[in-house]
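1. need a structure here:
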Amino acid sequence: MEGAPTPTGNDALQTAKRLVKETIPKRKKIFTASILCMLGVSFFTAALAYTTKLIVNDVFVAKDAKAAIEVAIIVIVVSLSKSLFHYGNAVLQTVLNRSISSSYQKEAFEKTLRREISFFNGKHASDHMAQIRLYGMAAGQAVTVLCSRFLTEILTLLALFVVMFLQDALMTLYSILIIPVIFGLVSFLSRKIRKVAKEETDLSGHYFAAGSEALAGVRTVKSYNLERKSIDKFNSSVDALEDRIFGISKVTAATHPIMEFLGGLVLGVFVIYAAWQTINYGKTPGEFTAFITAFLLAYQPAAKISKLWVELQKSLTQSFFMLQLIDTKPQSVSYGNKSLDGSLGSITFSDVSFGYENDDVSIDKVSFHLNHGEKVAIVGKSGAGKSTLVDLILGFYGPDNGIIKIGSTEISSILPTALKNHIAFISQDVFLFDDTIEENIRDGYSSASKEEVNIAVRSAQVDNFTADFPLGLQTIVGSNGSNLSGGQKQRVAIARGLLKKASIYIFDEATSALDVENEREIMTAMLKTLESETVIFITHRPALLDYVDKVLMLENGKVVGFDEPKKIEKTSAAFRDLFGALT
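-> Okay, here's the model as predicted:
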């Protein structure tokens, strides 16, 4: 959330309230079990402190060998009980933390993927994934600290104070005077940590591998309505990660209770050994020892509470930005609910202008009409406005002025999913998921029959290279098609688009990685398949002009020519500069 103000103390408080309200009621069983473990930890910690009174008075002062054995057994049982409750509490804290973290990571990912296309401009996909991972972890950590770790330490501290008070009330009251000093220091550090946490959120650049492909290929995802598939795939990866972390935590969490139990065992043996000695301080040595022990033990939870409070400010700051992300509604371009069932593939621009945020006008008063079934090339130098024109047709942005129609329907009144289903977009920047060739093609139309897939495969000449693969169409393409050549990737993308059975096809330099001969063969087969559909080519290749009915020439965001290729060649010097003489 770069540029956003640092959250205030009240922002942190409201964030904490919302996190607890949204998460704990859904996890009552985990929280109840955690409460029982907290009570067990606090009770047996206090009991361990109290046993020192028994050790001194009943063993050392009374010099009772039988009592020594009994006290040793009590110490071992108390230590073991505390260790078991501590272990259970640690595991439940991890379960609670990961459950909340994964839940918010899924929600933040879905909200991010459903944002408008401009949200992704100027920011790398890995930055988005780092934010999502960081935000989810922060939310889980915040709730765990508030509802488990804090309570554990506070209950332990209170139980130890009871032991101290029973031994010496005046000394206990004196020891409490240190609490305001602790809270003063904590309050100061809290203000500092909120700022640091915001900076960490802004500067975080690590990425979470699962899901980054969906954000990197967001245009493909959105134009083929693949949000749900991408979300489900990301959710599965988070669930797998959650299981792994839980498994590791059960092992690592056992270290502390085992060491503590061993310490209690050694202490029990030491009591039996020390019972043979005569130790006498003259006046209630057991009470004095119990107080000191309780005080020393109380220092640990008091220090943890201070540290946890400071860490909590960091988690709440990051959670604050996460909730802002979740609450922000996408700036939808198509607000309507009209379908395009039965609509033709004609496209009309009427005096359309558009400029990106903080940028000059990219499209300036553009008007043209494409008839259904026409094959048109949109040409012009880099920066002329070709890609912007395509983004407007796809509904990624809305025009600042003017009207765009698909068929007879204004694009602003079309249901977004209907618009995407009506148009197939094949980009030069081919994006493929790390799956089989066939699954990537089926993303065009997941319910397609095997025969329909094969027709698309043949039309795009995918079968020409898959015949050499041992697994054929079941070959894994690798991350973003890394196992395929550029030309092979483009053919898979073309097959995916053909399978979509749209009314309008847009090819943005979609054959740029193919040689002339392969391009000619694919174009011939492809246009035979798309004989009745509207086809738009964004191209710099003169060879493609042989397959179009008209050329739309753009220059500095304006239409400077719209006619048949041969005619526009004669009238436009800019066209001749770009393509030379047509043969």
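
2. going forward, measure contacts between C-alpha atoms and count neighbours the same way
-> Will do.

3. Please enumerate the helices of the stretch 451-583 of the chain.
-> Per DSSP state H, counting those that start in this stretch, the stretch 451-583 of the chain carries helices over the ranges 463-466, 486-499, 516-529, 565-571, 573-579.

4. just those helices: most buried one?
-> Stretch with highest mean neighbour count among those: helix 486-499 (a mean of 26; mean count of other Cα atoms under 10 Å).

5. could I get it in CSV with only the CA atoms?
-> C-alpha atoms of helix 486-499 as CSV (Å, rounded to 0.1, in the frame of the first residue of the first chain):
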residue,chain,number,x,y,z
GLY,A,486,7.9,-19.4,-29.2
GLY,A,487,6.2,-20.6,-32.3
GLN,A,488,4.8,-23.7,-30.5
LYS,A,489,3.4,-21.5,-27.7
GLN,A,490,1.7,-19.3,-30.3
ARG,A,491,0.1,-22.2,-32.0
VAL,A,492,-1.3,-23.5,-28.7
ALA,A,493,-2.6,-20.0,-27.9
ILE,A,494,-4.3,-19.9,-31.4
ALA,A,495,-5.9,-23.3,-30.8
ARG,A,496,-7.2,-22.1,-27.4
GLY,A,497,-8.7,-19.1,-29.0
LEU,A,498,-10.3,-21.1,-31.9
LEU,A,499,-11.9,-23.5,-29.4
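
6. What are the contacting residues of it?
-> Applying Cα atoms under 8 Å, 6 or more residues apart in numbering, the external contacts of helix 486-499 come out as 424-426, 428, 430-432, 437, 440-445, 448, 452-453, 456-457, 459-462, 465, 481, 505, 510-514, 526.

7. List just the one of the helices of the stretch 451-583 of the chain that sits closest to Val71.
-> helix 486-499 (75.6 Å; Cα to Cα).

8. Buried subset of the contacts of helix 486-499, written for PyMOL?
-> Only the buried entries of the contacts of helix 486-499 go into this PyMOL selection, using 16 or more other Cα atoms under 10 Å:
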select buried, resi 424+425+426+428+430+431+432+437+440+441+442+443+444+445+453+456+457+459+460+461+462+481+505+510+511+512+513+514+526
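
9. Which one, of the helices of the stretch 451-583 of the chain, ends up nearest to Thr51?
-> helix 486-499 (73.0 Å).

10. tilt between that closest one and helix 516-529?
-> In terms of direction (axes from the mean of the first three to the mean of the last three Cα atoms, to 10 degrees), helix 486-499 departs from helix 516-529 by 0 degrees.

11. Quick check: which ranges of the stretch 251-400 of the chain have low pLDDT?
-> 251-292, 294-296, 298-299, 302-303, 306-307, 310, 331-335, 341-343, 358-361 (pLDDT under 70).

12. So which residues of it form strands?
-> Using DSSP state E, counting those that start in this stretch, the strands assigned to the stretch 251-400 of the chain run over residues 347-355, 361-370, 375-379.

13. would TSV of those strands with distance to Lys558 and mean neighbour count be doable?
-> Formatted as TSV, the strands of the stretch 251-400 of the chain follow (distance: least, Cα to Cα, whole Å; neighbours: other Cα atoms under 10 Å):
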stretch	distance to Lys558	mean neighbour count
strand 347-355	9	20
strand 361-370	6	18
strand 375-379	12	25
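
14. From start to finish, how long is stretch 431-442 in a straight line?
-> Taking Cα to Cα, to the nearest Å, the first and last residues of stretch 431-442 lie 14 Å apart.

15. returning to that earlier point: I'd like to know which of the strands of the stretch 251-400 of the chain is closest to Leu13.
-> Per Cα to Cα, nearest to Leu13 of those: strand 347-355, 40.6 Å.

16. Thanks again, I'm all set now.
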